[in-house]
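Sharing a model that was predicted from the sequence below.
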Amino acid sequence: MGKDVIIACDFASAEATFAFLDKFSGKKPFVKIGMELYYAEGPQIVREIKKRGHKIFLDLKLHDIPNTVKKAMAVLSRLDVDICNLHAAGTTAMMQAALEGLTREDGSRPLLIAVTQLTSTDQQAMEKDLLIHEPIDRVVMHYAKTAAEAGLDGVVCSPLEAQKVHETCGKNFLTVTPGIRFADGDKGDQKRVMTPADAKAIGSDYIVVGRPITAAADPVAAYERCVREFVD
């Protein structure tokens with residue numbers, strides 16, 4: 001898979017999700033299914049969206065003991081999604097177990113990426129709430145390296161860190177970057193953000209875009225703007 005824009009379908013129901021996707025007549029954008037939609041509708045929503053021809057990033061951010069995550073990933077592997085994720089903070093052992101669980105008997109599997117630090121987290125929050133006192137970019141690079149050593153395909157990181165992740169882990173190690181906002185848009189609750197054009201310039205492989213598209217007056221036009229700025 002090459003560079004692409006992933007739309008975060010953070011809706012509370014299948015009805016709202018399909019009403020949104022129906023606006024994209026003739027287009028099959030890559031979509032992210034997160035916790036809100038998955039918990040509301042269950043695995044059937046994944047099957048229905050996949051049946052429509054969309055690529056899917058299943059964003060459930062697993063984080064538990066290795067054996068539990070391994071068994072959960074074995075279940076998720078049956079859904080035929082394109083990308084799954086977990087928290088790198090769950091340790092190398094957990095990431096290795098997840099990879100084992102996600103890999104099917106024929107050796108195939110979705111891409112597996114690790115969340116480093118959420119884009120809603122800044123240095124102050126990391127130190128105050130998580131008691132992590134290293135610089136945030138050093139923490140992200142450490143998590144990226146442990147994910148690579150565990151055999152994962154890439155990480156979720158802020159676009160501000162994507163270039164350094166590639167320098168640290170190699171150009172083929174994927175960077176999936178949320179925290180994307182248009183230059184003339186609202187940052188919302190995101191702290192570490194970048195425009196689609198800037199994310200392209202620093203080497204992000206995928207950008208995940210939610211409200212700038214889903215809350216736009218014309219979601220299709222907003223999506224097409226993202227594609228022009230990031231892919232074209």
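Here it is on my side, so go on. Numbers count the residues shown, from 1 in each chain.

Could I have the CA atoms of the lengthiest strand in the chain written out in PDB?
Using DSSP state E, we find that the single longest strand of the chain is strand 56-62. Coordinates of each C-alpha in strand 56-62 appear next as PDB, following Å, rounded to 0.1, in the frame of the first residue of the first chain:
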ATOM      1  CA  ILE A  56     -10.000  -0.600   6.800                       C
ATOM      2  CA  PHE A  57      -7.700   0.500   9.600                       C
ATOM      3  CA  LEU A  58      -9.200  -1.100  12.700                       C
ATOM      4  CA  ASP A  59      -8.200   1.200  15.500                       C
ATOM      5  CA  LEU A  60      -8.800  -0.600  18.800                       C
ATOM      6  CA  LYS A  61      -5.500   0.100  20.400                       C
ATOM      7  CA  LEU A  62      -5.200  -3.200  22.300                       C
END
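
strand partners of that strand, parallel vs antiparallel please.
Each strand that strand 56-62 pairs with, and the sense of that pairing, follows from DSSP bridges: strand 30-33 (parallel), strand 83-87 (parallel).

who's in contact with it?
With contacts defined as C-beta atoms under 8 Å, 6 or more residues apart in numbering, strand 56-62 is touched by 6, 8, 30-35, 38, 46, 49-50, 69, 72-73, 76, 79, 81-87, 90, 98, 110, 115, 176, 206, 208. C-beta: built from backbone N, CA, C; applies to glycine.

could you redo the last one with a cut-off of 6 Å?
6, 31-34, 50, 69, 72, 81-87, 115 (C-beta atoms under 6 Å, 6 or more residues apart in numbering).

Would you indicate which residues of that strand are buried?
Across strand 56-62, burial judged by 16 or more other C-beta atoms under 10 Å covers 56-62.

on that earlier part again, how about the strands paired with strand 56-62 in a markdown table, adding mean pLDDT?
Formatted as a markdown table, the entries for these read as follows, by pLDDT from 0 to 100:
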| stretch | mean pLDDT |
| --- | --- |
| strand 30-33 | 98 |
| strand 83-87 | 98 |
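
Ok, which of those strands comes nearest residue 94?
Distance to residue 94, taken as C-beta to C-beta, is lowest for strand 83-87 among those, at 7.1 Å.

All the helices of this structure, residue numbers only.
In order along the chain, the chain carries the following helices (DSSP state H): 14-21, 35-41, 43-51, 66-76, 92-102, 123-130, 136-149, 159-169, 196-201, 211-214, 219-230.

Those helices: which one's closest to residue 183?
helix 196-201 (8.2 Å).

How about exporting that closest one as PDB, limited to the C-alpha atoms?
Below are the C-alpha coordinates for helix 196-201, written out as PDB (Å, rounded to 0.1, in the frame of the first residue of the first chain):
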ATOM      1  CA  PRO A 196      -1.700  17.400   5.000                       C
ATOM      2  CA  ALA A 197       0.900  19.100   2.700                       C
ATOM      3  CA  ASP A 198       3.400  19.400   5.600                       C
ATOM      4  CA  ALA A 199       2.800  15.700   6.500                       C
ATOM      5  CA  LYS A 200       3.600  14.800   2.900                       C
ATOM      6  CA  ALA A 201       6.800  16.900   3.000                       C
END
